[in-house]
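Novice: The following block contains a protein sequence and its predicted model.
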Amino acid sequence: MRATITCTACGTVLGIPKSGMPADGLPCNWCGYVNLKAPEPAPKPVAAAVRAPEMLPVASAPVATPHPFADDQDDNGQPYEMPPEEVKTRACEDCGKLIDLNSVVCVHCGYDVRAKGKAERTYSLIDREWESGWPFHRRMAVFLAFQAMNVATLAMSFAAGGSIPVSLTGIVIYVILQAFLLGTYESFRIRRNKRGQVELTLQWRLGFIPMGPKKVNWREHEGVVFGHYDPTGLVDWWIAIVLLPFCIIPAILWWWFVIRSDRFFAALARDRGYPATYLYRGMNEIQAREITQVTSDATALPLVRPL
């Protein structure tokens, strides 16, 4: 390729003759300016070679595997990093769950960052028991009053010359029925120790005789629920109709306490609020609400709906 120079005056590219650059300069064909041969630059002194210091290899940061949707031209497939001022949580050193950035104790496992160990939790003691319907002392007082009436009735039967075997048999039957009606009910007990262990038990009394307590596995449930229900059926109305022609007062009492009265319950729930295990069923609304709240506080199971 032919050598060229650029005119200093107008910038036109000029071809240098094959014989070389004229000694008196090369005139520009466009503006006429004579371009002199530029002096060759003096060779630079060769400096002693200085060996560059050896650089230690820098470990590259591990590259995360791109996610499968990294097909956008603005997305390189690498995970995004939060700015330091927007980071609000951190992983617990013991269980790895996310907690508040400034938390000292993990709310999940109790790990204490300062003590480098789990903080020992203490819980308030709970030992409560509720009975369905009347409490035990009231039931027993009524039962003893009936026994006094039975003794008086037996004495009157003997004084009137009644048959002793028949009178005794009738009194025994009355005592059994009275004990069954007054002494058959269910009770609920909840206990929690200082370590937070909770125990729920249901126990029936049959004729004032306690049956074996039944432990409730509350961990299998999702929450605690309070509600209202109507247990009245055809049998209850049939009893009221049968009592009405012969015993007006018992029929009225049956209607007042059995048919008319509202019923409330406290239960452990599953499947979005379905009452799976009843803890209380009765006419005392305040007691049903109290059982629901105490059970929720002790077990940390949420209330299905606010009380």
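Specialist: Okay, I see it.

Novice: shaky segments in this structure?
Specialist: Low-confidence segments of the chain (pLDDT under 70): 1-2, 37-86, 119, 246, 257-258, 260.

Novice: Could you list the domains of it?
Specialist: Per automatic domain parsing, the domain ranges recorded for the chain read 1-34, 87-118, 124-215, 217-307.

Novice: Can you give me the first-to-last residue distance of stretch 222-234?
Specialist: End-to-end distance for stretch 222-234, by CA to CA, to the nearest Å: 34 Å.

Novice: what's the answer for stretch 217-233, then?
Specialist: Start-to-end span of stretch 217-233 (CA to CA) is 31 Å.

Novice: Report the buried residues of it.
Specialist: Within stretch 217-233, the residues that count as buried by 16 or more other CB atoms under 10 Å are 218, 221-227. Quick note: C-beta positions are derived from backbone N, CA and C, even for glycine.

Novice: on that earlier part again, out of the domains of the chain, which one sits most buried?
Specialist: Highest mean neighbour count of these: domain 217-307, a mean of 15 (counted as mean count of other CB atoms under 10 Å).

Novice: How far off centre is that domain?
Specialist: Domain 217-307 has its C-alpha centroid displaced from the chain centroid by 26 Å (CA atoms, centre = their mean, to the nearest Å).

Novice: Next up, phi/psi of the closest residue in space to C109 that isn't next to it in sequence, please.
Specialist: Distances taken as CB to CB, 6 or more residues apart in numbering put C95 closest to C109, at 4.2 Å, once the chain neighbours are dropped. Torsion angles at C95 (phi, psi; degrees, to the nearest 10) stand at phi -100, psi -10.

Novice: So C95 is in contact with Y111, correct?
Specialist: Yes. Assessed by CB atoms under 8 Å, C95 is found in contact with Y111 at 6.8 Å.

Novice: intersection of neighbour lists for those two?
Specialist: Common contacts of C95 and Y111 (CB atoms under 8 Å, 6 or more residues apart in numbering): none found.

Novice: so A240 makes contact with I259?
Specialist: Yes. Here A240 lies in contact with I259, judged by CB under 8 Å, at a distance of 6.4 Å.

Novice: and the gap between L182 and A298?
Specialist: For L182, the distance to A298 equals 31 Å [CB to CB, to the nearest Å].

Novice: what do you get for V34?
Specialist: The spacing between V34 and A298, counted by CB to CB, is 107 Å.

Novice: Kindly report the same for I241.
Specialist: Separation of I241 from A298 (CB to CB): 45 Å.

Novice: now the strands for the stretch 101-250 of the chain?
Specialist: Secondary structure of the stretch 101-250 of the chain (DSSP state E, counting those that start in this stretch): strands located at 111-112, 117-118, 126-131, 185-192, 198-206, 209-210, 214-216, 223-229.

Novice: Tell me which of those strands sits nearest to I173.
Specialist: Taking CB to CB as the measure, the strands of the stretch 101-250 of the chain were each checked against I173, and strand 198-206 came out nearest at 17.0 Å.

Novice: That closest one: partners in the sheet, and parallel or antiparallel?
Specialist: For strand 198-206, sheet partners with direction are given as strand 185-192 (antiparallel), strand 209-210 (antiparallel), strand 214-216 (antiparallel), following DSSP bridges.

Novice: Extract the C-alpha trace of that strand and format it as PDB.
Specialist: Backbone C-alpha positions of strand 198-206 (Å, rounded to 0.1, in the frame of the first residue of the first chain) are rendered in PDB as follows:
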ATOM      1  CA  VAL A 198     -49.300 -28.800  78.800                       C
ATOM      2  CA  GLU A 199     -51.600 -31.600  79.700                       C
ATOM      3  CA  LEU A 200     -55.300 -31.700  78.900                       C
ATOM      4  CA  THR A 201     -57.500 -34.400  80.500                       C
ATOM      5  CA  LEU A 202     -61.200 -35.200  80.300                       C
ATOM      6  CA  GLN A 203     -62.800 -37.300  83.100                       C
ATOM      7  CA  TRP A 204     -66.300 -38.700  83.500                       C
ATOM      8  CA  ARG A 205     -68.000 -39.400  86.900                       C
ATOM      9  CA  LEU A 206     -70.700 -42.100  86.900                       C
END
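
Novice: What are the contacting residues of that strand?
Specialist: Everything outside strand 198-206 that qualifies as a contact, by CB under 8 Å, 6+ apart, is 126, 136, 180, 183-192, 210-216, 218, 279, 295, 298-299.

Novice: Next, the angle from that strand to strand 126-131.
Specialist: 30 degrees (axes from the mean of the first three to the mean of the last three CA atoms, to 10 degrees).
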